[in-house]
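# Give me a 3D structure for the following:
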Amino acid sequence: MGTNVHEQPAATADAGLRKVREVADRLRLHTKVVTRMVLRGDFPNAVKLGRDWRIPASDVDAYLAARRVKPEGGVA
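Residues are numbered from 1 along each chain as shown. This is a model prediction of the structure:
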């Protein structure tokens, strides 16, 4: 039996590209906020496919890494 492309997870089928809904869920934001972030340039490698945006997972990871709070001082 062969693998049907429709059975593959979205991330595999889109080579690491995430839908706005997936990014919104991960960031715990509304989809409209994520779309505004795309338009503002927060995800510089986002691509528009038809009417929908796709955001590379690496852009999401970079966005999160840039916003991580580093603890000050040593371990308490």
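
# from here on, contacts and neighbour counts on C-alpha atoms
OK.

# list the contacts for residue 47?
Going by C-alpha atoms under 8 Å, 6 or more residues apart in numbering, residue 47 touches 53, 54, 55.

# got it, and residue 38?
Contacts of residue 38 by C-alpha under 8 Å, 6+ apart are 44, 46.

# just the contacts of residue 47 now: which is nearest residue 43?
When those are compared for distance to residue 43 (C-alpha to C-alpha), residue 55 wins out at 6.8 Å.

# Do you know the pLDDT at residue 33?
In this model, residue 33 is scored at 98, pLDDT.

# Then residue 12?
43.

# And for the one 5 residues further on?
Turning to residue 17, the model gives it a pLDDT of 97.

# okay, now the closest residue to it other than its chain neighbours: neighbour count?
Of all residues not flanking residue 17 in the chain, residue 56 sits nearest, at 4.3 Å (C-alpha to C-alpha, 6 or more residues apart in numbering). Using other C-alpha atoms under 10 Å, residue 56 is surrounded by 20 other residues.

# Make sure residue 56 is actually in contact with residue 46.
Yes - when contacts are counted by C-alpha atoms under 8 Å, residue 56 is listed as touching residue 46 (6.3 Å).

# Can you tell me the closest non-neighbouring residue to residue 37?
residue 43 (7.0 Å).

# Give the full set of residues in contact with residue 33.
Contacts of residue 33 by C-alpha under 8 Å, 6+ apart are residue 24.

# Run me through the strand neighbours of the lengthiest strand in the chain, direction for each.
Counting residues, the longest strand found in the chain (DSSP state E) is strand 52-56. Applying DSSP bridges, strand 52-56 is found paired with strand 17-19 (antiparallel), strand 47-49 (antiparallel).

# low pLDDT regions in this protein?
1-15, 73-76 (pLDDT under 70).

# cutoff 90 now
Filtered on pLDDT under 90, the chain yields the residue ranges 1-15, 68-76.

# need the helices for it, in chain order.
10-13, 20-27, 31-40, 57-66 (DSSP state H).

# mind putting these in TSV, distance to residue 72 included?
Shown next, in TSV, are those (distance: least, C-alpha to C-alpha, whole Å):
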stretch	distance to residue 72
helix 10-13	36
helix 20-27	24
helix 31-40	29
helix 57-66	16
